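*Asks:* need the 3D shape of this:
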Amino acid sequence: LQDPDDEMLMSDEFRMYEFKIRRCSRTRAHDWTECPYTHPGEKARRRDPRRFNYCGTACPEFRKGSCPQGDVCEYAHGVFECWLH
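*Replies:* Numbering: from 1, shown residues only. Here you go, the predicted structure:
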């Protein structure tokens, strides 16, 4: 019998709007690479596509170190956003 949480984590809705967007609520130490949520200091994060309109092209400013436009930038910040776009 499959865990209902596992089924939810595999849904298109979750992968599109929650995966590496929503902050992890766990308080105990765990493997971030196995967790579908984002963690403080983790580079594998992305912006919520419902709130931020960005394309899959890498941001030239972010590649230099930081982007002055921050989350409102129209380009992908980091490999993870490019990959998941």
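*Asks:* which residues touch residue 48?
*Replies:* Taking C-beta atoms under 8 Å, 6 or more residues apart in numbering as the criterion, residue 48 is in contact with 17, 21. All C-beta atoms are positioned from the backbone trio N, CA, C, and that covers glycine.
*Asks:* and what about it, helix, strand or coil?
*Replies:* coil (DSSP: H, G, I helix; E, B strand; the rest coil).
*Asks:* then residue 44?
*Replies:* Residue 44 carries the three-state label coil when classified by three-state DSSP.
*Asks:* the closest residue to it other than its chain neighbours: what secondary structure?
*Replies:* Excluding its sequence neighbours, the residue lying closest to residue 44 (C-beta to C-beta, 6 or more residues apart in numbering) is residue 80, at 4.9 Å. Recorded secondary structure, residue 80: helix (three-state DSSP).
*Asks:* so residue 80 sits against residue 19, correct?
*Replies:* No: contact criterion C-beta atoms under 8 Å: residue 80 and residue 19 do not qualify, at 10.4 Å.
*Asks:* how about the nearest residue to residue 42, chain neighbours excluded?
*Replies:* Leaving aside its sequence neighbours, residue 42 sits nearest to residue 32 (C-beta to C-beta, 6+ apart; 5.7 Å).
*Asks:* quick check: that neighbour touching residue 43?
*Replies:* No: counting by C-beta under 8 Å, residue 32 stays clear of residue 43, with 10.1 Å between them.
*Asks:* more neighbours, those two?
*Replies:* Neighbour tally, residue 32 and residue 43, criterion other C-beta atoms under 10 Å: the higher count belongs to residue 32, 15 against 9.
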